[in-house]
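J.: my questions concern the predicted model and sequence given below.
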Amino acid sequence: MTSGITLRVDPDKCQGHARCSALAPELFQLDEFGNARERLGTCSEPDQIDKAYVARANCPEEAIIITEG
Amino acid sequence: MARAPVTDWASDWDHLDPAWVGNPYPIWQGLRDRCPVARTDRYRGVYFPTRYADIRKVAYDPDRFSSRRVVVREGEYRVNSPPITSDPPEHRPMRMVLIPPFTPQAVAKLEPQTRSVCNELIDRILVQEACDAAVDYAQHIPVRIIAHMLGIPAEHGDRFRAWITMALQEGVTNQAALKQAEQEISEYFAAQIAERRTRPGDDLVSFLIEARHPDGEAFTDRQVLGALRLLLIAGIDTTWSAIGSSLWHLATHPHDRERLVREPALIDTAIEEFLRAYAPVTMAREVVEDTELAGCPMKKGEMVMLSFPAANRDPDKFAHADAVKIDRAENPHVAFGLGIHRCIGSNLARMEMRIALAEWLKRIPDFSLDRTRPMTWSEGAVRGPRVLPIVMAAR
């Protein structure tokens, strides 16, 4: 059994540092103003979950929200 | 003119003091331990928060800490360069206009040109007897790229660098130099604007003339001029410093240099770590109302240093903050600032750093600091090597 996560970028906090999209392009994309959005609302692959946590740990604005389960 | 020596870093600091210019990090750690918000009466009163958490609070609070002055210097003279010198709500329209040309997607198109600029410079270095990694390499790369983006001749690079030194270095203590630099840059760009009005091109000068507020109105000439001045000044000595500091680190840490040559895939984490450990840019804010930070009272009208380099060295935020680990996996550093003024050029700077270091390491993998010749660090708002003598291994 795998437990997944819910992934979200808080648009009020994101300032477009673009760290998440560089570290996990399969999980985050940038809009025309360089601000990040999640590509997938949820993920359950262990590799993707690891990358989501790495992206969160590297966001200077603490804009990435991960909810477990 | 010699400056008065610092009597106490907590109550009389001076960022132009030779000890601070040479190696500020131990001074900042001393302050974190005993007086986390330092102060000086110099420059008509400036506070210096040293902890990540306090620097973050200042960056996130434009209501209390205004960007109308962003450089600590002597004298009253103010330079208007929106959006870096704007607060909400004026800040946003010009920022939103400037952002699209600097997204990762947009700057990726400049990679081939950046690579060829770097290789041309390396071709010249390899036939020289002695090499200076700042003078012969780092300082040229951002000038060539921003000149290309603005549609102005790269041959004017010496002039641009002279203006930057006058504005950001001499200008800290010499208002006349600052005014002269501002005036010359303004005249230069006024001529460029006039020319683009008759012959528009595919460049940022033309782009800004055509740009519109969300309500459809054009920006005033003064706003366009201010933004161009900002792009020129902010886009050059910052990245030049970041490339120079990275090469200085590799020239003085052979283990890291050898590892990066052996494992080129580490370049991305290495660059983030160089940005953290040697963040070049320190901004400032003006205190809008009498207030306090971490228990330290602050007076309206005085300045606060916004030292992203100090935030990046706070051991409460970064484990082993003074150790440079080129494979550091968790690195939410703030070299490009925090909040609404995040550096617009961050993606461009990263691209230039990545290519400049990768091309250098491919062709000059074995090099070290030449300790028989002096090296120098810049002083003022931007820190990086200005003279960086290098010995290259015989090939």
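T.: Arrived safely. Numbering: from 1, shown residues only, chains lettered A, B, ... in the order given.
J.: look up phi and psi at B:A106.
T.: When quoted as degrees, to the nearest 10, the phi and psi of B:A106 stand at phi -70, psi -40.
J.: now do the spatially closest residue to it that is not a sequence neighbour, the pLDDT please.
T.: Leaving out its chain neighbours, the residue that sits closest to B:A106 by Cβ to Cβ, 6 or more residues apart in numbering or on different chains is B:P100, at 6.5 Å. Placement of C-beta: from N, CA and C, glycine included. On the pLDDT scale, B:P100 is placed at 94.
J.: enumerate the residues of chain A near chain B.
T.: Chain A has residues A:15-19, A:21-22, A:30, A:32-34, A:54, A:57-62 near chain B, with proximity defined as Cβ under 8 Å from any Cβ of the partner chain.
J.: for PyMOL, what selects the buried ones among the residues you listed?
T.: The following PyMOL line selects those of the residues of chain A next to chain B that are buried, judged by 16 or more other Cβ atoms under 10 Å in any protein chain shown:
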select buried, chain A and resi 15+16+17+18+19+21+22+30+34+54+58+59+60+61
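J.: so of the residues of chain A next to chain B, which ones are in helices?
T.: Members of the residues of chain A next to chain B lying in helices (criterion: DSSP state H): A:R19, A:S21, A:A22, A:V54, A:A57.
J.: now the closest residue to the second one other than its chain neighbours. Its backbone dihedrals?
T.: Counting by Cβ to Cβ, 6+ apart, the nearest residue to A:S21 once its immediate chain neighbours are dropped is A:F28, at 4.4 Å. Dihedral pair for A:F28: phi -130, psi 140, per degrees, to the nearest 10.
J.: next up, the contacts around A:F28.
T.: Applying Cβ atoms under 8 Å, 6 or more residues apart in numbering or on different chains, we find A:F28 in contact with A:V9, A:C20, A:S21, A:A36, A:R37, A:E38, A:R39, A:A55.
J.: list buried residues within those residues.
T.: With neighbours counted by 16+ other Cβ under 10 Å, those contain buried members at A:V9, A:C20, A:S21, A:A36, A:E38, A:A55.
J.: what strands flank the lowest-mean-pLDDT helix or strand in chain A, and is each parallel or antiparallel?
T.: None of the helices or strands of chain A scores lower by mean pLDDT, DSSP states H and E than strand A:42-43, at a mean of 92. Sheet partners assigned to strand A:42-43 using DSSP bridges are listed as strand A:5-9 (antiparallel).
J.: ok now the partner strand, how far from the chain's centre?
T.: Remark: strand A:5-9 is offset 6 Å from the chain centroid, using Cα atoms, centre = their mean, to the nearest Å.
J.: over to stretch B:230-243?
T.: 5 Å.
J.: can you get me the start-to-end distance on that stretch?
T.: Distance between the boundary residues of stretch B:230-243 (Cα to Cα, to the nearest Å) amounts to 20 Å.
J.: over to stretch B:94-111?
T.: 26 Å.
J.: ditto for stretch B:166-180
T.: Terminal residues of stretch B:166-180 lie 8 Å apart, using Cα to Cα.
J.: and the average pLDDT for that stretch is what?
T.: 87.
J.: now swap in stretch A:59-69 and tell me
T.: Summarised as a single mean, pLDDT over stretch A:59-69 is 95.
J.: same check, this time on stretch B:185-194
T.: Averaged across stretch B:185-194, pLDDT comes to 94.
J.: now tell me what touches that stretch from outside.
T.: With Cβ under 8 Å, 6+ apart, stretch B:185-194 has contacts from B:150-152, B:156, B:159, B:163, B:167, B:205, B:209, B:221, B:224-225, B:228-229, B:232-233.
J.: neighbour-wise, which of these leads?
T.: B:A167 (27 neighbours; other Cβ atoms under 10 Å in any protein chain shown).
J.: hmm, back to that, TSV for the buried ones among the contacts of A:F28, including pLDDT?
T.: What follows is those, written out as TSV (pLDDT from 0 to 100):
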residue	pLDDT
A:V9	98
A:C20	98
A:S21	97
A:A36	98
A:E38	97
A:A55	98
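J.: which of these lies closest to B:A130?
T.: Taking Cβ to Cβ as the measure, B:A130 lies nearest A:S21 of the buried ones among the contacts of A:F28, at 41.6 Å.
J.: check contacts around that closest one.
T.: A:F28, A:Q29, A:L30, A:A36, B:P104.
J.: so how far is B:L275 from it?
T.: Separation of A:S21 from B:L275 (Cβ to Cβ, to the nearest Å): 17 Å.
J.: okay if I get the contacts of A:S21 as JSON lines plus distance to B:E129?
T.: What follows is these, written out as JSON lines (distance: Cβ to Cβ, whole Å):
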{"residue": "A:F28", "distance to B:E129": "48"}
{"residue": "A:Q29", "distance to B:E129": "49"}
{"residue": "A:L30", "distance to B:E129": "46"}
{"residue": "A:A36", "distance to B:E129": "48"}
{"residue": "B:P104", "distance to B:E129": "39"}
